[in-house]
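Novice: Provided below are the primary sequence and the corresponding predicted coordinates.
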Amino acid sequence: MSERNERCRVVAMVGNPTSDKGRGAKVDAQVLSLLQAAGRVHDFTVMDITGTSFDDSLNQARERAHEYDYLVVVGGDGMIALGANAVGCSGKPLGVVAMGSGNDFARGLKLPVNRIETAVEGIVGAIVCGSTIDVDMGRVTSLEGGHAVDPTTGAEYESAVGQVETRPIDRYYAGMLSCGIDASINDRANHSRLPNGSVRYFAAVLVELTRMKRYGYHVKATLADGSTDERDIVSPLLTVANSRHIGGGIEVSPYSCFSDGLLDLVWMDHVPNFGECAVAVSNAYNGRLLASRVFGWERVREIEITRADEGDEPPLLMADGEYIGRLPVRVVAEDCALRVLVPPAVAAQSVDDRQRVTDAIARDGRDPLTGRFE
């Protein structure tokens, strides 16, 4: 037998002790205790590899990957980003204890949110039964001139002598890559002092809608049918989505599927007037946002996003609640590249309701291939 089969299975855990003004440390300790108790019953050991920062935890998870069989992350969508970048494309399963605000990826997969014991029970059941699902991810890499920033603060990296250090972008994401007002909203929500995550995000939406800019993008996309669409888009909003939700349930990309090998490009076709804004806000949670002609939509296999000659300078890119960097970038759909531990009952269901999506596109009057209104 191989060494891996002879030894006890190992679960690595990464928490976020600084979240929720330090209360995250108590959540991490509870999750660790529950996993250790389950491990004594089901013959697996648990190791805590939480680092001092996002980058440190990510480095720990990558460098010590040979030591564990499963990775469990505790926290919001930012921790999903950490897990996706640690074990994405490796086949190593990721478990999610979704806590705090947001948690759009977990909700999309019907995983428990802010229920610690239920989440851990589901992860343990998945380990024991071997129940997983494979979902797509987006991969963002910098083109010439693009560069990464600190994922937690958005600050430029500095070298040991205090000079700006230019690092290339190479990040996976599970939810959405936000490139316009969606990134500005996320940034504002991150710095808000309001108590509830969904309230913070919705309040940020209302503020940013009054300050909309016309950002300038040049996009070159390979569409679902293999054809190429190249154009300038001068728009307040541009997002490349893998999941449907952002900001605790806002359906920016209601046609997205987790396992179709595609990403959804969503943008504002023009700056909306007050009435169009009101309609968009009213449809933010009911899956009908893209029924409006304010929004453009198309499915893509990959896309290059660079700076257009006209329009305002786009803000820092964000994905899964974390800062990514600055344009230009290439984004590629990674087909079923992330393996997620889910309870057997969830694994038995289809990860996507394809018929629901097909019906929604037809209801909204769009062509499923071109994305245009029929």
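Specialist: Sure thing, it's come through. Residues are numbered from 1 along each chain as shown.
Novice: The stretch 101-250 of the chain: helices as residue ranges?
Specialist: For the stretch 101-250 of the chain, helices defined by DSSP state H, counting those that start in this stretch occupy the ranges 104-108, 116-129, 181-190, 197-209.
Novice: and the first one, what does it pack onto?
Specialist: Spelled out, that is helix 104-108. Applying 3 or more C-beta pairs under 8 Å, 6 or more residues apart in numbering; DSSP states H and E, we find helix 104-108 packed against helix 77-87, strand 94-98, strand 245-246. For every residue, glycine as well, the C-beta is placed using N, CA and C.
Novice: Put together CSV for these, with mean neighbour count on each row.
Specialist: As requested, these are exported to CSV (neighbours: other C-beta atoms under 10 Å):
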stretch, mean neighbour count
helix 77-87, 27
strand 94-98, 27
strand 245-246, 24
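Novice: so can I have JSON lines of the helices of the stretch 101-250 of the chain showing mean pLDDT, distance to residue 285 and mean neighbour count?
Specialist: Converted to JSON lines, those look like this (pLDDT from 0 to 100; distance: least, C-beta to C-beta, whole Å; neighbours: other C-beta atoms under 10 Å):
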{"stretch": "helix 104-108", "mean pLDDT": "89", "distance to residue 285": "12", "mean neighbour count": "24"}
{"stretch": "helix 116-129", "mean pLDDT": "96", "distance to residue 285": "24", "mean neighbour count": "19"}
{"stretch": "helix 181-190", "mean pLDDT": "82", "distance to residue 285": "15", "mean neighbour count": "23"}
{"stretch": "helix 197-209", "mean pLDDT": "76", "distance to residue 285": "10", "mean neighbour count": "18"}
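Novice: can you tell which of these is closest to residue 324?
Specialist: Smallest distance to residue 324 across those (C-beta to C-beta): 8.8 Å, for helix 181-190.
Novice: Compute the mean per-residue pLDDT across the one helix or strand residue 296 maps to, please.
Specialist: If you go by DSSP states H and E, residue 296 is part of strand 295-307. Strand 295-307 comes out with an average pLDDT of 97.
Novice: ok so, going back, nearest to residue 39, of the helices of the stretch 101-250 of the chain?
Specialist: helix 116-129 (8.4 Å).
Novice: Which other helices and strands does the closest one contact?
Specialist: Other elements packing on helix 116-129 under the criterion 3+ C-beta pairs under 8 Å, 6+ apart are helix 24-42, strand 94-98, strand 329-341, helix 344-347.
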